[in-house]
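1. next one to model:
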Amino acid sequence: MEGWDRGTKSVVGEIPLLSTRAGPRDGDAWRQRLKEEYRALISYTSVNKSKDNDWFRISAANPEGTRWEGTCWYVYNLRRYEFPLQFDIPVAYPQVAPEIELPTLDGKTHKMYRGGKICLTVHFKPLWAKNCPRFGIAHALCLGLAPWLAAEVPILVDSGMVKHKDDEGAPAEAAAASGSAAAS
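-> Prediction:
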């Protein structure tokens, strides 16, 4: 945790570490790991809400807990930008971190792989490897997705690659309104 700001250290310190080394193919051990994942996610969500830093919703999309879906958002210039979020738990989990996908941003930044998978290789993957199996989904969101959003969303908004939902239909609506006013 060297080099992290005090806020990040504080939040990460409040996310419970996991102990079960099990992946999706490990039967009962995987079910135990999933319980630990849920406990960590609930704890992380509670910490975020208590600090007025709520920024994602996520849940397992299948009963096995191998596919996760939700929404994440980032506030920039007092506007909330929301993105669908999804990922699959890799077969080699927890040795291999999940690849977090933001499909609506696919192709909009070079810090993303095909399919909308965010780039976490340089900064996050070594941290994950060092902390296996203690890190889980909550840690991937906190130390992977959150900093990625903070770094990329402002650039995407300022460059015009991402528009706020209130601005997306504005030019077409304005043109239609001026056209109907001229016809009257």
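
2. from now on I want contacts and neighbour counts done on CA atoms only, so please keep to that.
-> Noted.

3. tell me, how many residues neighbour residue 60?
-> Other residues lying near residue 60 total 17 when counted by other CA atoms under 10 Å.

4. need the contact list for the nearest residue to it once chain neighbours are set aside.
-> Nearest-residue entry for residue 60: residue 68, 4.4 Å, with adjacent residues in sequence omitted and distances by CA to CA, 6 or more residues apart in numbering. Contact criterion CA atoms under 8 Å, 6 or more residues apart in numbering gives 58, 59, 60, 61, 62, 86, 87, 88, 89 as the residues in contact with residue 68.

5. helix, strand, or coil at residue 68?
-> Taking DSSP: H, G, I helix; E, B strand; the rest coil as the rule, one finds residue 68 in the strand state.

6. how near is it to residue 102?
-> Distance of residue 68 to residue 102, given as CA to CA, to the nearest Å: 12 Å.

7. same deal with residue 164?
-> Here residue 164 is placed at a distance of 16 Å from residue 102 (CA to CA).

8. between the two, who's got more neighbours?
-> Neighbour totals were compared for residue 164 and residue 102, and residue 102 leads with 21 against 14 (other CA under 10 Å).

9. and the more buried one, what does it touch?
-> Going by CA under 8 Å, 6+ apart, residue 102 touches 83, 84, 85, 86, 116, 117, 118.

10. and the second one, its phi and psi?
-> Reported as degrees, to the nearest 10, the phi and psi values for residue 84 are phi -60, psi 150.
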